[in-house]
Structures are given as structure tokens and as C-alpha cells.
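**Q** Quick one, structure for this:
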Amino acid sequence: MTASLLSQLSQIVGQAFKTVGLDTSYGMVVPSQRRELGQFQCNGALAAAKQAKRNPREIATEVLTELEKTGLFSELTLAGPGFINIRLMDDFLVGHISDLAEDSYFGCRSRHMPMKVILDYGGPNVAKAMHVGHLRATIIGESLRRLREFMGDTAISDVHFGDWGLPMGLLIREIERRQPDLPYFDAGFSGPYPDNSPVTVEELQEIYPAASARSKDDPAFLESARKATFELQKGRAGYLALWQHMRDVSIAETRTDFDLLGAHFTEWKGEADTNDHIPQMMDRLAKEGYSEVSEGAVVINVAEESDKKEMPPLILEKSDGAVMYGTTDLATIEMRREEHDPNAILYIVDARQSLHFEQVFRAARKCNSIGSDCRLEHIGFGTVNGKDGKPLKTRDGGVVRLRSLIEDAIGEARKVIAETGMSERFDTAELDDISTKVGIAAIKYADLSNQRMSNYVFDLERFTKFEGRTGPYQMYAAVRIKSMLRKAAEQNLTEGRLLATHDAERNLMLAIAALPEAITAAAEKNAPNILCDHVYNLSQEFNSFYHECPVLGEANLDIRASRLCLCGITLRQMEKVLYILGIDVPDRM
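**A** Next up is the predicted model:
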């Protein structure tokens, strides 16, 4: 596999430092901040001078002399107190890009040791329509899953359905209140229970808020819901049958939203899947002295001496015997260890849940629920806000449904496409496909291009523009290349050996060569915005190349064939990065 350009250059310059008696680490090369001075720069002479107690410019001069002997550089200059500016020989740059293009992963797997990673994201709940709060978890989680697979990891994605606990008891009691004659509530009924659900997902989405409101006003109703929750968790047949109906219709509904967002899950497990594991876990924790009873509840003390603020204990079981989210999360970790033995478990969940995950992770370590060789990480994120800077709400102050958000984006995309005159070239089916892809691209790129811990303002009008830092702009750049390559094929023009005859070609090649570092940084920081920056820069460099370097109209056959080849390489990389971001590129627009 081809090593990245920066790693190769750092190795070469590091060897030059070693030759003059200094550590190779001083040879780290980075892209130049000032393109007019060079393509790359090395600032190691300044740090080396402190250690060697020598003049940094003298060290840089000696290193420069060694680098000149390699014959790999067209220009080597010194600036300031000892900055080394580097410009590559064209043959070196072209050879690297040619090798990189032979690798389906553009050198991004060359230094990565494959891992088994579980990603927990999505987090829908039974009886609740997915809302804007699920948007970032799904988009970020799916992008990180695709990133991991691109790097060669085994990525296991679990939706972790919210299907257990008091909300289920509230639903059972509210349905019983409305339809008391259903067999699910007859303790003496031996079955079989009906095959079809007695409630639709639309009805559930009205029933749950009503049940929740009733529980706040009616203590007796709340207590009966708690009892129903307890009996459900203990395996009462009628309640389990009704619960299964509610779970099935809810999953069917959420699959539609996930399919629209292109989210793929290898596992559709939920809190309820831990029910059989929890008793044995609770027994072990008690026998080994990890849990204790406090005020009637079973807890794990997770506070540490080094804590600078209060760390509450993790509650496993309330005094009434009900288990908590922390209980199911801890049990889930143990089950994931037994089933998958992962190297890492990543939780893509709202940043406001940070305390919860800190408690669960500490408990998992303290109680040996997971080995020290498995990384547990909460990947938090900020909120999606309206133009008023507050969390996005409907006009009447309600929560914005995810489906409505997606449909609005697709509608806005169709409007923009109509305004550009594109729609006249497509039949209805293709126009629907393009509008959907543009709308989804607008939402995803707008979300992912932000640093994930920051909040951002949801502005569909701006997101769907075909200019600037938007998903549609990146899409259009890829479609433009597709169109050019189609025309070349129609004219029987073929790709040829890469050449570098113009700075715009060189700059585009350098942008292509930057992908391995972008991929590595995005994975280390769980930051898809780094890939958004990369593909935007790639689009910008391609547009400069497109305007400055004729392709189909180039008279020189070798240069034309080279530029066609460069276009093809650019398109392949652009589509791969956009795929990681969850953006599908249509064939034409």
C-alpha cells in the first residue's frame, strides 16, 4: 500500500536531519501556509536548535544541502530563522499520484491496524416519532460507521432502540384505559394473542404524550404504570405480546426515516434485549462487592478521589425493583463484550448525556464489565437551532419531526432545481431522485461540516444553494466531472499517463494527496467536518483546474489524455469522500 505523501516527505527530511546528527522527528513536513513560497514546509530546525544549542538557520542550511542530493525537489529555500520551503519535482509528485490512484483507498489503509468497532447511534424510541434531536446522532453516527469501514475496520452499528422502562408501562396502561377488553390485559388469557397490532404508529404517537401528561396529574395512574412496567420486565405474557406489537410498528416507522438518511444498522437491538442478562449481572456485582444498597436502591459508587466535582453513584435498581437506563447500558456493554469482543465502543449521543456515560463507563471499568483494552467513548454533539439561535421548534413550539425536516429539505431542493432550469431536462422520476439526493446532501453536509460539539443554525435556503460550502455544491462538482468524462467517451477520447504542465494541475494533485491525513484525523477525532473541509478544498482546486486548464479542448494529445486521467482520479476520490459523508451523487444534474 502506498504511504501518504506527507509521511514520505517527513521520512526523507527526517533522514536528512539524522545525517547532520539530529533526531529524525525534526523532519516533520506539513503543507505550506504560503503557496508562493513552496508546496510544503518543515519548521524542525527551530526546535532542533534549542536541543543542539545551535543557530537554527545553520542547521536548516545543512539539512537543505542533504535534501538537494536526493534529486526529488525542484526548489528548496530558507525563510526567516530557519523555515525550510519545499517544492517537489514533477516526476515525484506525478509518480505518487499515479501510485495512489492504483489503490482503491488512496493510501488511507497503509498505516491503520484494523479494529472491531461498535457504533451506537440513532436511538429511536417506541411510540415516539423521530424528531430533530435524532438528526445529528444518525448523520454523525452513519458517517463514522462508513469512515471506519473505509479504513478497513469491522464496524458493527446498533440502533439501540428505546423499548423498555416506564414509557412502556405508561403505554400499556393508557391503551388498557382506552380498550380494556383487549386480551392483553386479561391475566387469565392463555393465548394465542392477535397477529396484528391493536394500535398504529400514528395512534401510539398520540397515546404516549397523553399517557405522560396523565401520569403527571394522576398519581394512581403513574403507580399503575410502574406496576405494569415491573410485570412486563418480569415476563407477563399479555404485556409482552402488546409490547412486541408496539415495538414492531415503531421500528417499521423509523426504518423509513433511516432509509431516507441512508443509515445502515447491522443490529436492531434495544434496552429490552438486556432483560435476561440483567439478573445474572446484578448477582455478580453483589457477590463481588461492586454494588451496594443505598436508601433502598442498588447502586455502584463510581466517585474517584481525583474528582473535582460531585460524581453521583450509578443507580442500577430503584427501591421499587425497576431497572434504570444505566442498568441496561451496563448490561449492553457486557453483552457486547461477550458477543463481539470489540476494540472500541462509540456512543454517538447528545453532549448533554455526558454525565450518564461517564458514570456507566466508570462502572464498566470498576466492575470488570469490559476489558481495559476496549475503548469506551461518548461522542457528543451540539444542538440544531432555529434562526433565533434556540433549539429548532415548530411554529407552535412543538418538536420538529425528522420526517418533516427531510421533506422540507427535498421540497426546497426541488424549488432550487426549478429556479436553475435543470428540471426541464428530466422526467418526473429522475427529478424526484435528484431532488431527494440534493435535499439529503444539503442536510448532511450542513450538519457534518460543523465541528460536532458546536450548535448550528438550520437554514434550508442557504443549505440548498449550489455555491459555497454546501452539499449541493460538492455534488455539482462531481456531476460536472461525470459530464465531462461522458463527453470524452462519446468522442472516443481516452485517459493517458499523468503529466504536470500547469500549477493548477499540481495543486489539484496535492489536494488529492492530502486524503490520508484527513481520514486519519477524522477518525482520531471522530470529526467528519475534517472530511467536509477536504472535499470542499478538492472541489475548489478542481474548479480552478477546470477554468485554467482545457481538457476536451486541449490540442496536445498527451496533455489532454493526462488531464482526463486527473479528472477521473479526482472524481473517484470525491465520490468516496462524499459516500463517507452519506452523500449520493446523481449521474447528472
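**Q** How about stretch 137-155, which residues are buried there?
**A** Across stretch 137-155, burial judged by 16 or more other Cβ atoms under 10 Å covers 137-148, 150-151, 153, 155. C-betas here are computed from N, CA, C, even on glycine.
**Q** on contacts alone, who are the packing partners of the host helix or strand of residue 293?
**A** Residue 293 belongs to strand 292-294 when assigned by DSSP states H and E. Counting contacts by 3 or more Cβ pairs under 8 Å, 6 or more residues apart in numbering; DSSP states H and E, strand 292-294 packs against strand 297-300.
**Q** Name the next helix or strand downstream of the strand it packs on, please.
**A** Strand 297-300 is succeeded, C-terminally, by strand 314-317 (DSSP H and E).
**Q** Rounded mean pLDDT for that next one, please.
**A** Over the span of strand 314-317, the pLDDT mean works out to 95.
**Q** contact partners of that strand?
**A** 282, 285, 291, 297-300, 302, 323-324, 326-327, 330, 359-360, 362-363 (Cβ atoms under 8 Å, 6 or more residues apart in numbering).
**Q** now for whatever helix or strand comes next after it, which elements pack on it?
**A** Using DSSP H and E, the next helix or strand after strand 314-317 towards the C-terminus is helix 325-340. In this structure, helix 325-340 packs against strand 116-120, helix 278-287, strand 314-317, helix 354-366, with contacts taken as 3+ Cβ pairs under 8 Å, 6+ apart.
**Q** Quick one, which of these gets closest to residue 492.
**A** strand 116-120 (45.9 Å; Cβ to Cβ).
**Q** Quick check: buried residues in that closest one?
**A** Of the residues in strand 116-120, 116-120 count as buried by neighbour count, 16+ other Cβ under 10 Å.
**Q** And for stretch 512-529?
**A** So, applying 16+ other Cβ under 10 Å, buried residues of stretch 512-529: 512-520, 522-523, 526-529.
**Q** In helices, which of those residues appear?
**A** 512-513, 515-520, 522-523, 529 (DSSP state H).
**Q** which one among these gets closest to residue 244?
**A** For these, the nearest to residue 244 is residue 523 (38.1 Å; Cβ to Cβ).
**Q** Surely that closest one touches residue 152?
**A** No. In terms of Cβ atoms under 8 Å, residue 523 does not count as a neighbour of residue 152; the distance is 10.9 Å.
**Q** tell me the domain boundaries of this protein?
**A** 5-88, 116-162+270-384, 166-260, 402-580 (automatic domain parsing).
**Q** Where does the prediction get shaky in the stretch 251-400 of the chain?
**A** 394-398 (pLDDT under 70).
**Q** swap the cut-off to 90 and go again
**A** The model of the stretch 251-400 of the chain has pLDDT under 90 over residues 318-324, 385-400.
**Q** about what we covered before: rebuild the domains of the chain as JSON lines, extending it with distance to residue 102.
**A** Compiled in JSON lines, the domains of the chain are given as follows (distance: least, Cβ to Cβ, whole Å):
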{"stretch": "domain 5-88", "distance to residue 102": "15"}
{"stretch": "domain 116-162+270-384", "distance to residue 102": "17"}
{"stretch": "domain 166-260", "distance to residue 102": "35"}
{"stretch": "domain 402-580", "distance to residue 102": "10"}
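**Q** Residue 108 is nearest to which of these?
**A** Per Cβ to Cβ, nearest to residue 108 of the domains of the chain: domain 402-580, 4.4 Å.
**Q** just to revisit the earlier point, pick the one among the ones in helices among the buried residues of stretch 512-529 closest to residue 470.
**A** The closest of those, once distances to residue 470 are taken by Cβ to Cβ, is residue 529, at 13.9 Å.
**Q** quick one: the helices in the stretch 101-250 of the chain?
**A** 133-151, 166-178, 201-217, 219-233, 237-260 (DSSP state H, counting those that start in this stretch).
**Q** Quick one: closest of those to residue 484.
**A** helix 133-151 (25.7 Å).
**Q** Pull out the buried residues from the helix or strand where residue 484 lies.
**A** Assigned by DSSP H and E, residue 484 belongs to helix 471-490. Residues 471-482, 484-485, 488 are the ones in helix 471-490 that count as buried (16+ other Cβ under 10 Å).
**Q** got it, and stretch 74-82?
**A** 76, 78, 82.
**Q** Identify the residues contacting it?
**A** 37-38, 43, 45-46, 49, 55-57, 59-61, 64, 67-68, 84-90.
**Q** chain center to it, what's the gap?
**A** 40 Å (Cα atoms, centre = their mean, to the nearest Å).
**Q** thinking again about what came up before, of all the buried residues of stretch 137-155, which comes closest to residue 192?
**A** For the buried residues of stretch 137-155, the nearest to residue 192 is residue 138 (36.3 Å; Cβ to Cβ).
**Q** sorry, back to before: how distant is the strand holding residue 293 from the center of its chain?
**A** With Cα atoms, centre = their mean, you get 39 Å for strand 292-294.
**Q** Buried residues of that strand, list them for me.
**A** By neighbour count with 16+ other Cβ under 10 Å, strand 292-294 contains no buried residues.
**Q** measure residue 84 to residue 26 for me?
**A** Distance of residue 84 to residue 26, given as Cβ to Cβ, to the nearest Å: 10 Å.
**Q** Which residues are in contact with each of these two?
**A** 42, 44-45.
**Q** now the farthest one out in this protein, which residue is it?
**A** residue 188 (49.0 Å; Cα atoms, centre = their mean).
**Q** Surely residue 15 is in contact with residue 25?
**A** No. Residue 15 is beyond contact range of residue 25, at 11.7 Å (criterion: Cβ under 8 Å).
**Q** what ranges do the strands span in the stretch 51-200 of the chain?
**A** For the stretch 51-200 of the chain, applying DSSP state E, counting those that start in this stretch gives strands covering 73-79, 83-88, 116-120, 154-158.
**Q** other SSEs contacting the second one?
**A** Okay, so that is strand 83-88. Checking 3+ Cβ pairs under 8 Å, 6+ apart, strand 83-88 ends up next to helix 5-19, strand 40-42, helix 44-52, helix 56-68, strand 73-79.
**Q** Please identify the deepest-packed of those.
**A** strand 40-42 (a mean of 23; mean count of other Cβ atoms under 10 Å).
**Q** May I have the strands that pair with that one, each with its orientation?
**A** strand 30-31 (antiparallel), strand 83-88 (antiparallel) (DSSP bridges).
**Q** Perfect, I'm done here.
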